[in-house]
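Participant: Provided below for reference: sequence and predicted model.
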Amino acid sequence: MPKSPFSRSVAELLSLSLLAVWMLGASHQPRSLSSKRLDIPLGLDAYMPVPEDNPITPEKVTLGRKLFFDRRLSRNKRVSCATCHDPRRAFTDGRPVAAGIFGKRGTRSAPTLVNRGYGAAFFWDGRIRTLEEQVLKPIQDPKEMDMTLAEASKRVRISTGELAAALASYVRTILSGNAPADRYLNGDREALSEEARQGLNLFRGKANCSACHVGPNFTDERFHNTGVAWPEGRLLDPGRFTVTGNEADRGAFKTPTLREIARTAPYMHDGSLISLEDVVEYYDRGANRNPYLDLELRPLRLTREEKQALIAFLQSLSGKICEGLRSP
Ligand code: HEC
Ligand code: HEC
């Protein structure tokens with residue numbers, strides 16, 4: 001992990017703010033800080049990196065949430081962030097590839113935004129390093145919202161810096177945890193069915209999924225070639241190669257989180273796999289062959305029951321999505 005300017009956790013920053021509020025005394029009780037907090041759900045890391053120069057505050061989160069649903073950020077005022085990252089679909093759009101302004105199609109699928117506050121690189125190819133930079137990209141993308149930053153900030157009457165800070169702060173509050181799998185791993189033996197428990201063992205064992213989908217967010221935040229971009233031996237999307245120029249990165253993409261996975265079909269960077277059954281079949285046959293296929297992938301030879309069990313486990317990764325700051 002590269003050394004980053006991030007050093008304080010959200011919890012720490014909020015408790016510092018709360019301390020400041022307390023020290024100001026009751027007579028200066030400010031609007032909201034004392035009554036709002038960010039809850040990190042069960043299963044996630046209590047430490048979330050937040051840049052020193054953009055601490056999470058209730059004001060920014062509230063503003064960022066409004067902006068997230070604000071269609072004025074698109075040229076024709078019809079597309080908002082939520083068009084492609086719909087909270088009712090676990091912050092995805094249900095389409096294979098995203099459709100933006102005037103229905104223009106991109107080439108990649110809109111990923112879920114849950115737990116992106118823990119991310120170290122953004123977009124499927126990881127070309128962006130911070131959420132503050134990331135959230136401005138769709139606004140400027142001619143196929144997504146198609147605005148200049150000057151136009152966007154004029155429409156919403158705040159500076160580009162404030163826009164980025166608010167949207168990034170809101171995205172950091174979008175969290176998914178407390179799924180049956182979390183409760184099971186935290187000692188509630190009843191939280192998973194026997195089938196899902198078998199699935200968990202396969203996930204970590206014979207099926208080798210945890211070679212890449214690891215940690216509280218079920219991702220190593222690294223880039224791997226899983227062959228999805230190489231159907232029939234043709235490379236359709238260079239992926240990570242565009243960022244690094246390394247031959248071996250041709251067709252490599254960032255490992256996505258598996259949280260809420262049952263709710264975010266279709267799957268993969270190009271939305272080419274329709275269901276979890278398809279995904280499991282894809283891995284079971286050892287993925288699409290190509291010169292740079294990750295060494296962790298090979299035919300799994302799972303039985304029918306094992307495939308079902310693995311899917312049952314994946315389904316147990318849907319929990320409760322929280323967003324924004326909530327009253328305790
Ligand atoms: C037209 C659909 C569309 C709109 C509108 C849109 N996004 Fe996205 N978003 C995408 C797609 C597609 C990707 C992945 C693109 C890629 O990897 O090249 C993405 C990626 C992201 C990511 C990176 C997630 C990750 O795992 O790396 C974040 C964060 C994000 N969008 C936030 C936003 C915000 C905030 C807005 C509003 C300002 C927004 N998006 C508007 C489609 C959209
Ligand atoms: C070598 C690393 C690696 C291994 C092993 C691996 N994955 Fe993945 N997984 C990835 C990457 C990288 C992607 C994104 C690939 C793409 O879109 O081109 C992905 C995508 C997925 C997706 C789609 C996520 C989405 O949001 O679209 C699912 C579901 C998934 N993997 C489940 C599994 C399961 C189940 C296993 C075990 C059978 C497994 N993975 C093994 C790296 C891995």
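Facilitator: The structure has been received and is ready for your questions. Ligands and ions are numbered 1, 2, ... in the order given.

Participant: All the strands of the protein, residue numbers only.
Facilitator: Secondary structure of the chain by DSSP state E: the strands cover 6-9, 49-51, 175-177, 223-225, 252-254, 320-322.

Participant: In JSON lines: those, plus distance to Pro87, mean neighbour count and mean pLDDT.
Facilitator: Where you see a C-beta, it was placed from the backbone N, CA and C, and this is true even at glycine. Putting the strands of the chain into JSON lines (distance: least, C-beta to C-beta, whole Å; neighbours: other C-beta atoms under 10 Å; pLDDT from 0 to 100) gives the following:
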{"stretch": "strand 6-9", "distance to Pro87": "25", "mean neighbour count": "14", "mean pLDDT": "46"}
{"stretch": "strand 49-51", "distance to Pro87": "22", "mean neighbour count": "19", "mean pLDDT": "93"}
{"stretch": "strand 175-177", "distance to Pro87": "11", "mean neighbour count": "25", "mean pLDDT": "97"}
{"stretch": "strand 223-225", "distance to Pro87": "28", "mean neighbour count": "24", "mean pLDDT": "98"}
{"stretch": "strand 252-254", "distance to Pro87": "22", "mean neighbour count": "24", "mean pLDDT": "98"}
{"stretch": "strand 320-322", "distance to Pro87": "7", "mean neighbour count": "17", "mean pLDDT": "93"}
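
Participant: Point out the one among these that comes closest to ligand 1.
Facilitator: strand 252-254 (6.6 Å; C-beta to the nearest ligand atom).

Participant: Of the strands of the chain, which is nearest Ala90?
Facilitator: With C-beta to C-beta as the criterion, Ala90 lies closest to strand 320-322 of the strands of the chain, at 6.3 Å.

Participant: helices or strands next to the closest one in the packing?
Facilitator: When contacts are defined as 3 or more C-beta pairs under 8 Å, 6 or more residues apart in numbering; DSSP states H and E, strand 320-322 sits against strand 175-177.

Participant: Make JSON lines out of the strands of the chain and add distance to Pro231.
Facilitator: Below are the strands of the chain laid out as JSON lines (distance: least, C-beta to C-beta, whole Å):
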{"stretch": "strand 6-9", "distance to Pro231": "38"}
{"stretch": "strand 49-51", "distance to Pro231": "36"}
{"stretch": "strand 175-177", "distance to Pro231": "30"}
{"stretch": "strand 223-225", "distance to Pro231": "13"}
{"stretch": "strand 252-254", "distance to Pro231": "14"}
{"stretch": "strand 320-322", "distance to Pro231": "32"}
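
Participant: With distance to ligand 2 added, can I get those strands in a markdown table?
Facilitator: Putting the strands of the chain into a markdown table (distance: least, C-beta to the nearest ligand atom, whole Å) gives the following:
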| stretch | distance to ligand 2 |
| --- | --- |
| strand 6-9 | 24 |
| strand 49-51 | 22 |
| strand 175-177 | 13 |
| strand 223-225 | 4 |
| strand 252-254 | 4 |
| strand 320-322 | 15 |
